[in-house]
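> take a look and give me a structure for this.
(2 chains)
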Amino acid sequence: MKISLALVGVIASAIAPIADAQQTPGVFYNFRVLSLYQNYQPAVTVTEPRATSTCDPVSRTCTGQITAPPGFAFTPNTISLFGGPVADPSGHQEVLNLDGQVLLDQGIAFWTLTYGGFADNLCSQVQCLAENGLPQTAAAINWPLQNGGTYTDYITFAQFSTLLARPYPVPISAGLTLRLKVTAPLELTGTVPPGAPIEATLGFRDTNGNPIVPPQEVTVKPGETASLDLNPDAVAVLTGLLKVVVPVVAPPAGAASVAPLEAALELFNAEDQQGSMLAVHRPEPAEPVPAPSFGPQGLAPGQTIALLVSALPPGNPSHPPEPCIATLRFADKSGNPVGPSMPVDLLPGR
Amino acid sequence: MKSLTLGFPTPEIPPGPTNASERVEVLPMVTLAPTAPGVAPVISECLASAAVYESHTGRTLTYQSGDALRR
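Just a heads-up that it's a prediction; the model follows:
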């Protein structure tokens, strides 16, 4: 069942009755409307903001409106209602109810989404699935245009990207460039309609959370990659022999969440272009992994290994931060402790 | 952020007697605060990563990230 909600020839589907009004605490969604042109020449130029939205955590309702793009043309087949069941983006696949209405004479689409309290309504029961069988957590409004093309607005409400929820500190050598790259997957995990662009803000922070370079807003379509470089000059101002930075993939301005992206880090020497990939972060699983996942690390004479820990930063409404209370140590291949251990007690974001 | 470093060779793991350049393997470990019986469990979540660098220059050689831990 395709959940994309076109204005032409699309039904207003009903959600299953809500049996239990109990609300789910700690979940708050913010919505973002992204736009995409399709098959329209000349290209539509949109200069004014066309969409607004707001969420009320008390009533657990989000509302928004979208004005028609330039060149929009109603047809006899245009209908004025849209809506249907969509999936909770937190990964639990609970059902959220989306209702929408278009004022034909004004060319404005209004939508309302209610969330929370749907623990007994799962997507497997009410078919809030995309064509690929995965939960669909976004809706599309296809505006027919005068020249026969289509302008699509996506109402997205997605999980945080991995680097946003897991901003690992990364060591970097003096003289090297660290490149943060994000790619919109060709095959999305069902959280964004096919072809939808994804917006994000890329940045680098120091270990105190301060920006090292101005953040950069990017927009990528499936298969596209955007990047931000941290050059040696910016690294040189950091203190300590081992320079440590925190790459961050944050929501775009005005939004509280960003759709899942694959993020990669590459370290290279700008002079000879030699470098290596450090890590690839894919959209995080619904639940944190309960055990360490380090592999045994080879160490040669003259080398030092550093184990870095930090606490999750605040700002992820679906995943409240917790302190990091732990003990750090190293073990040899027999499991015996090597060197000293160190207790840590870090507040969220430290 | 906090860090624990271990330089090699160490008193605990000296280089092999026949090959001074022998590599050793160490496993970085993050152990969450234990929960005592009868006491409310401690919720702890950590981001962890590990890096190897040249002891004298600070030049990083390799890196791996761990997963968040939660109790």
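
> all strands of chain B, in order?
B:2-8, B:24-32, B:45-54, B:60-65, B:69-70 (DSSP state E).

> just name the most buried of the ones you listed.
Mean neighbour counts were compared across these using mean count of other C-beta atoms under 10 Å in any protein chain shown; the top stretch is strand B:45-54, at a mean of 24. From N, CA and C alone the C-beta is placed, and that goes for glycine too.

> and it, what does it pack onto?
Judged by 3 or more C-beta pairs under 8 Å, 6 or more residues apart in numbering or on different chains; DSSP states H and E, the packing partners of strand B:45-54 are strand A:170-172, strand A:297-299, strand A:303-311, strand A:324-331, strand B:24-32, strand B:60-65, strand B:69-70.

> what angle do it and strand B:24-32 make?
160 degrees (axes from the mean of the first three to the mean of the last three C-alpha atoms, to 10 degrees).

> partners of strand B:45-54 in the sheet?
Strand B:45-54 sits in its sheet next to strand A:303-311 (antiparallel), strand B:60-65 (antiparallel), strand B:69-70 (antiparallel), going by DSSP bridges.

> then it to PDB, C-alphas only?
C-alpha atoms of strand B:45-54 as PDB (Å, rounded to 0.1, in the frame of the first residue of the first chain):
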ATOM      1  CA  GLU B  45      25.000   5.600  28.400                       C
ATOM      2  CA  CYS B  46      28.300   6.300  26.900                       C
ATOM      3  CA  LEU B  47      29.700   7.000  23.500                       C
ATOM      4  CA  ALA B  48      33.100   5.400  23.100                       C
ATOM      5  CA  SER B  49      35.800   5.300  20.500                       C
ATOM      6  CA  ALA B  50      39.400   4.200  20.400                       C
ATOM      7  CA  ALA B  51      42.400   5.500  18.500                       C
ATOM      8  CA  VAL B  52      46.000   4.500  18.000                       C
ATOM      9  CA  TYR B  53      48.500   7.300  17.500                       C
ATOM     10  CA  GLU B  54      52.300   7.700  17.400                       C
END
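
> quick one, that strand and strand B:2-8 angle?
Using the same axes, to 10 degrees: strand B:45-54 against strand B:2-8 is 30 degrees.

> double-check that residue A:233 belongs to a helix.
Yes. Counting by DSSP: H, G, I helix; E, B strand; the rest coil, residue A:233 is found in a helix.

> that one: how many residues sit nearby?
Close neighbours of residue A:233, defined as other C-beta atoms under 10 Å in any protein chain shown, add up to 9.

> which pLDDT value goes with it?
Listed pLDDT for residue A:233 reads 89.

> quick check: which of the strands paired with strand B:45-54 is nearest to residue A:219?
strand B:60-65 (26.3 Å; C-beta to C-beta).

> rewinding a little: I'd like the strands of chain B as CSV, with mean pLDDT appended.
Below are these laid out as CSV (pLDDT from 0 to 100):
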stretch, mean pLDDT
strand B:2-8, 87
strand B:24-32, 82
strand B:45-54, 81
strand B:60-65, 70
strand B:69-70, 50
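
> does residue A:348 touch residue A:311 like I think?
Yes. Using C-beta atoms under 8 Å, residue A:348 is in contact with residue A:311, at 5.0 Å.

> between those two, tell me which one has more neighbours.
Taking neighbours as other C-beta under 10 Å, residue A:348 and residue A:311 compare with residue A:311 leading, 25 against 16.

> if we ignore the residues flanking it in sequence, what's nearest the more buried one?
Spatial nearest neighbour of residue A:311, excluding adjacent residues (C-beta to C-beta, 6 or more residues apart in numbering or on different chains): residue A:324 at 3.8 Å.

> quick one: residues contacting that neighbour.
For residue A:324, the contact set (C-beta atoms under 8 Å, 6 or more residues apart in numbering or on different chains) comprises A:309, A:310, A:311, A:312, A:344, A:345, A:346, A:350, B:44, B:45, B:46, B:47.

> can you do 7 Å?
A:309, A:310, A:311, A:344, A:346, B:44, B:45, B:46 (C-beta atoms under 7 Å, 6 or more residues apart in numbering or on different chains).

> so what's the residue count around the second one?
Here the neighbour count serves as a burial measure; for residue A:310 (other C-beta under 10 Å) it reads 25.

> may I have the beta-bridge partners of it?
When assigned by DSSP bridges, residue A:310 has beta-bridge partners residue B:47.

> tell me the mean pLDDT for stretch A:96-112?
The model assigns stretch A:96-112 a mean pLDDT of 76.

> and that stretch, how far apart are its ends?
10 Å (C-alpha to C-alpha, to the nearest Å).

> kindly report the same for stretch A:309-325.
10 Å.

> could you list the residues in contact with stretch A:336-350?
Outside of stretch A:336-350, the residues within contact range by C-beta under 7 Å, 6+ apart are A:209, A:309-314, A:321-332, B:2, B:4, B:6, B:10, B:12-13, B:26.

> list the buried residues of it.
Under the neighbour-count criterion of 16 or more other C-beta atoms under 10 Å in any protein chain shown, stretch A:336-350 has A:338, A:339, A:344, A:346, A:348, A:350 buried.

> the fifth one: what secondary structure?
Okay, so that is residue A:348. Under three-state DSSP, residue A:348 comes out as coil.

> before we move on, what about the second one?
The local conformation at residue A:339, judged by three-state DSSP, is strand.

> what residues are bridge-paired with the nearest residue in space to it that is not next to it in sequence?
Of all residues not flanking residue A:339 in the chain, residue B:6 sits nearest, at 4.5 Å (C-beta to C-beta, 6+ apart). According to DSSP bridges, the partner residues bridging residue B:6 are residue A:305.

> list the contacts for residue B:6?
Contacts of residue B:6 (C-beta under 7 Å, 6+ apart): A:304, A:305, A:330, A:338, A:339, B:26.

> hang on, the earlier thing: quick one: closest of the strands paired with strand B:45-54 to residue A:180.
Nearest of the strands paired with strand B:45-54 (C-beta to C-beta): strand B:60-65, 13.7 Å.

> which other helices and strands contact whichever strand or helix holds residue A:266?
Assigned by DSSP states H and E, residue A:266 belongs to strand A:262-268. In terms of contacts (3 or more C-beta pairs under 7 Å, 6 or more residues apart in numbering or on different chains; DSSP states H and E), strand A:262-268 is packed against strand A:177-183, strand A:275-281.

> so what pLDDT did the closest residue to residue B:27 other than its chain neighbours get?
Among residues not flanking residue B:27 along the chain, residue A:331 sits closest, at 4.6 Å (C-beta to C-beta, 6+ apart). Residue A:331 carries a pLDDT value of 83.
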